[in-house]
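S.K.: Got a predicted structure plus its sequence, pasted below:
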Amino acid sequence: MPIDDLKAFFAKLETDAALQDQARALQGSTDDERVAGLCALAADAGFTLTPEDLSSAAASTAAAELDDQSLRAVVGGVCEITGTAAPQFGREFRG
Amino acid sequence: MKTGDMRAEGPVKRHADAAGASGRFAVLAPDWQLRGYSDRPVVLVNWRTGRTIPLSSTGAYVARSCDGATDISPPLFLSRHVATLAQMVEQGMAVECAAGTALDPRQRLRTAPNRFLRLVNWGVTGRCNLRCRHCYMEAPVARYGELPTETLFGLIDQFERANVLRVHLTGGEALLRRDFWTIAEELLRRRIGIHQISTNGLLLDDRSLVRLRELGAEPIFHFSFDGVGTHDSMRGVDGVEAAALDVIRRTAAAGFRVAVTSCLDRETRAGILRTPEVLADAGVHTWHLDAPLPMGLWPGSDTELPLDEQVAVCETILRRWLALGRPFRVTLCRLYSGSPPGDDEWAATSRGDAADEAPPGFAPDDPHCGDLMNDVAYVLPDGRFMPCLRFIGTPVHEEMPSLLDVDLSEVWDDEELRARFSVTKAQVRERNSECAACPEFGVCGGGCWALGYAATGDPLGRDPLACVVNKSPYKKRLAEIAAVL
């Protein structure tokens, strides 16, 4: 299942810093060498990837991964007492 | 804006690297940096504004590759990665560049061993140049003292190791420290943002405001002001009111966001009623009005204002605030909160005007206080860690660790400490028969964890003032006034 392998390999690549370093090491080579090198890295990691899979993936369109919710993200809450919006004012701390 | 239709050949241009090969290279924009935690592996942070974006694995892969050296193009990157990069560029989080452009090492991913820690409220001194009657920190007698500069630098080391994103500098009177600006500069040098400075303003001059700007900091200034003609009576020193108003005006005029807290009691009531117009004219951004907390020097005060009289003040102020066109954000005791028209930032993060929205309600498994040990910590002037300042003076206070003995990372991830504060709403309702039978519990939730504990001595005790407020018609009455006018 090449498509599944493609997804699974890139899922691993996104989270595996060592694999990323190995992939980055392919940068100085030609396009064909990079494709071949990446297929070899995938094989080492237990995935079956072909140059055609990679070409087809490169040509596809996909959504960006920072959606509206992420881009608005501010972490924190609202204090029950003051109703103060935490991201702007923190918890009240009146010195 | 969602950019789902952004193609691999989006706005990110191809650049030639030193060897002449073309590719897509980018670096994080100067104010953005990557931080990691045990519970949030990669967070994209604007250290100046505090904007914080937890990244998915795809976003993290792309952001980590914004190092000026990684070619963000096929076959190592798929179209969704390139689209994500284009979005980051469009949002100002990354900039395209030539291959080999250097990234500031402080922007690279730095992972802390602890959970996410957004903000430390840091009392840098327990001393003060005023003698406020209600001071929860008992600063007039410098109860919590002051640590030497080198010890504070050690605490900054701890903040850095824990990946604290921002600090709120407070006191006592923070500016009373002669090394205040040295501390501020050290924080900024390490790209720990200064979120807020709480001060009485007496030592804040225009040169200091300019200096902060030069350092690249845009903190919120939080001043105390206790009413026109009554400020000095609460602050315990004659002749400081004019200076307080002057610094509020100057700071707002200099373009900083200014928040003001006013304490309501019998002595300040008349002056508080004269205050809305003055604060509107001064250009303040937020006004918090509240009765003093039952902590520190305040308990036993004979000037406390009963709730029904607080309500009368709040109602008058609410009408004035509405007549003025809602000039600033306001919180009136526990009874009303509102914001200027079109304040989207407030709408996105607060409960908003009660009249416009259904009460948020609580689910049984909700934490009794969602703030405790969540993403904000407190450090007292003596170096003691606190989960919330409202525990000052309770049995919890003395049991909290000192950061002079234990590292913040360790304290923040202390499972025993976390378990202690992981009380749920269901537990509070079960413990308190009044809560179990109360139709308002879904809104009240037993009130504030710490104030309930302080009042009852029971870790599951209900907050008595929240009980009174939520059973009363006052919140509804104020919300109706706001809805009609």
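M.R.: Alright, I've got the coordinates.
S.K.: CA only for contacts and neighbour counts going forward, please
M.R.: Noted.
S.K.: what about the closest residue to residue A:60 other than its chain neighbours, how many residues close to it?
M.R.: Among residues not flanking residue A:60 along the chain, residue B:79 sits closest, at 6.4 Å (CA to CA, 6 or more residues apart in numbering or on different chains). Residues lying near residue B:79 (other CA atoms under 10 Å in any protein chain shown) number 25.
S.K.: Equivalent analysis for residue B:37, please.
M.R.: As a measure of burial, residue B:37 has 18 neighbours, counting by other CA under 10 Å.
S.K.: ok, now residue A:46?
M.R.: A count of neighbours around residue A:46, defined by other CA under 10 Å, yields 12.
S.K.: what does residue B:206 give?
M.R.: Residue B:206, neighbours per other CA under 10 Å, totals 13.
S.K.: and if you look at the one 4 residues further on?
M.R.: Other residues near residue B:210 number 13, with proximity taken as other CA under 10 Å.
S.K.: helices or strands next to the helix or strand harbouring it in the packing?
M.R.: According to DSSP states H and E, residue B:210 maps onto helix B:206-214. Applying 3 or more CA pairs under 8 Å, 6 or more residues apart in numbering or on different chains; DSSP states H and E, we find helix B:206-214 packed against helix B:241-253.
S.K.: tilt between the helix it packs on and helix B:206-214?
M.R.: Angle between the axes of helix B:241-253 and helix B:206-214 is 30 degrees (criterion: axes from the mean of the first three to the mean of the last three CA atoms, to 10 degrees).
S.K.: ok, is helix B:241-253 in contact with chain A or not?
M.R.: No - using CA under 8 Å from any CA of the partner chain, we find that helix B:241-253 stays clear of chain A, coming within 14.5 Å at best.
S.K.: what sits against residue A:31?
M.R.: Applying CA atoms under 8 Å, 6 or more residues apart in numbering or on different chains to residue A:31 gives no contacts.
S.K.: Surely residue B:124 touches residue B:167?
M.R.: No - Residue B:124 lies out of contact with residue B:167 (CA atoms under 8 Å); the separation is 10.9 Å.
S.K.: Between those two, point out the one with more neighbours.
M.R.: Remark: of residue B:124 and residue B:167, residue B:124 carries more neighbours, 30 against 26, as counted by other CA under 10 Å.
S.K.: what's the closest non-adjacent residue to the more buried one?
M.R.: Using CA to CA, 6+ apart and skipping residues adjacent in sequence, the residue nearest residue B:124 is residue B:381, 5.1 Å away.
S.K.: swap in residue B:326?
M.R.: Spatially, and ignoring its direct neighbours in sequence, residue B:326 is nearest to residue B:340 (4.8 Å; CA to CA, 6+ apart).
S.K.: ok, that neighbour touching residue B:324?
M.R.: No - the pair residue B:340 / residue B:324 is not scored as a contact, 10.3 Å apart, by CA under 8 Å.
S.K.: neighbour count winner among these two?
M.R.: Higher neighbour count among residue B:340 and residue B:324: residue B:340, with 17 against 13, using other CA under 10 Å.
S.K.: quick one, phi/psi of that one?
M.R.: Torsion angles at residue B:340 (phi, psi; degrees, to the nearest 10) stand at phi -60, psi 160.
S.K.: Identify the residues contacting the residue nearest to residue B:326.
M.R.: Neighbouring residues of residue B:340 by CA under 8 Å, 6+ apart: B:325-329.
S.K.: repeat that with 10 Å
M.R.: Residues near residue B:340 by CA atoms under 10 Å, 6 or more residues apart in numbering or on different chains: B:285-286, B:321-322, B:325-330, B:346.
S.K.: picking up where we left off before, what's near enough to touch the residue nearest to residue B:124?
M.R.: So residue B:381 contacts B:122-127, B:137, B:142-147, B:152, B:170-172, B:174 (CA under 10 Å, 6+ apart).
S.K.: ok, of these, which come out buried?
M.R.: Buried subset of the contacts of residue B:381 (neighbour count, 16 or more other CA atoms under 10 Å in any protein chain shown): B:122-127, B:137, B:143-146, B:152, B:170-172, B:174.
S.K.: Let's see which of those residues end up in helices.
M.R.: residue B:152 (DSSP state H).
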